[in-house]
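[1] Sequence isn't available, so here's the structure alone:
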């Protein structure tokens, strides 16, 4: 994932974290996995359940918005019902007055976006992706027809390949909601200047 400019909503996180730090009373931070438009992602150890997880930390502005916070809780609760081998499991949404994050299954692997960038011609051969497409379609069929949840932001950056060659869909049900919220908050920030100096 790419770093965001200092002025972006995702970059507006005042709380600094370090490896070894415990957050929300149960997660021991290990290392940063990436930074993107929706914040920073850490590998962490869930000391209560004794498993590795990925923690997607949200920008401060999202945590300060009560209506958005409630919406994220609802969406996370819906996604808890998704149990499929090719969909990254969402475990929980935790927050305090200063920060919040979505706890999810940790996938030891790379996104299809990164794997494609490593290809000489920047494309996959049909025989390379045939199995992945089958796994993707199986996961989408399950989500749409059984769980009644749609992704809304399906792209190579949200598809991961683990060390066993299995495809995993990430951010199911939350990616577009987070993106829409970030866009709205950025727009509100841009309108919050001194009114007399703003154009009509």
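    Nice, I can see it. Since the structure is predicted, the reported quantities are computational estimates derived from the model, not experimental observations.
[2] so who does the most centrally placed residue in the chain touch?
    The C-alpha lying nearest the average C-alpha coordinate of the chain belongs to residue 171 (CA atoms, centre = their mean; 4.9 Å). If a contact means CB atoms under 8 Å, 6 or more residues apart in numbering, then residue 171 has 56, 88, 151, 153, 158, 178 as its contacts. C-beta: built from backbone N, CA, C; applies to glycine.
[3] Can you tell me how far it is from residue 82?
    11 Å (CB to CB, to the nearest Å).
[4] Give me the secondary structure label for the residue nearest to the centre of the chain.
    coil (DSSP: H, G, I helix; E, B strand; the rest coil).
[5] and what of residue 120?
    coil.
[6] Renumber starting at 815 from here on
    All right, first residue 815 from here; so that's residue 934.
[7] For burial, what's the neighbour tally of it?
    Other residues near residue 934 come to 5 when the count uses other CB atoms under 10 Å.
[8] Among the contacts of residue 985, name the ones in strands.
    residue 870 (DSSP state E).
[9] Give the residue spans of this protein that score low on pLDDT.
    By pLDDT under 70, the low-scoring segments of the chain are 815-829, 850-852, 875, 987, 989-1014.
[10] Quick check: end-to-end length of stretch 928-947?
    With CA to CA, to the nearest Å applied, stretch 928-947 spans 17 Å between its terminal residues.
[11] which residues touch that stretch?
    By CB under 8 Å, 6+ apart, stretch 928-947 touches 926, 970, 973, 975, 979, 981.
[12] Buried residues, the lengthiest strand in the chain. List them.
    Of all the segments of type strand in the chain, defined by DSSP E, the longest one is strand 841-850. The neighbour-count check on strand 841-850 (16 or more other CB atoms under 10 Å) flags 841, 843, 844, 847, 848, 849, 850 as buried.
[13] go on, stretch 933-943?
    Going by neighbour count (16+ other CB under 10 Å), nothing in stretch 933-943 comes out as buried.
[14] Please apply the same query to stretch 921-936.
    Buried residues in stretch 921-936, counted by 16+ other CB under 10 Å: 921, 923, 924, 925, 926, 929.
[15] Residue 888: which of those residues is nearest?
    Nearest to residue 888 out of these is residue 921 (CB to CB; 24.6 Å).
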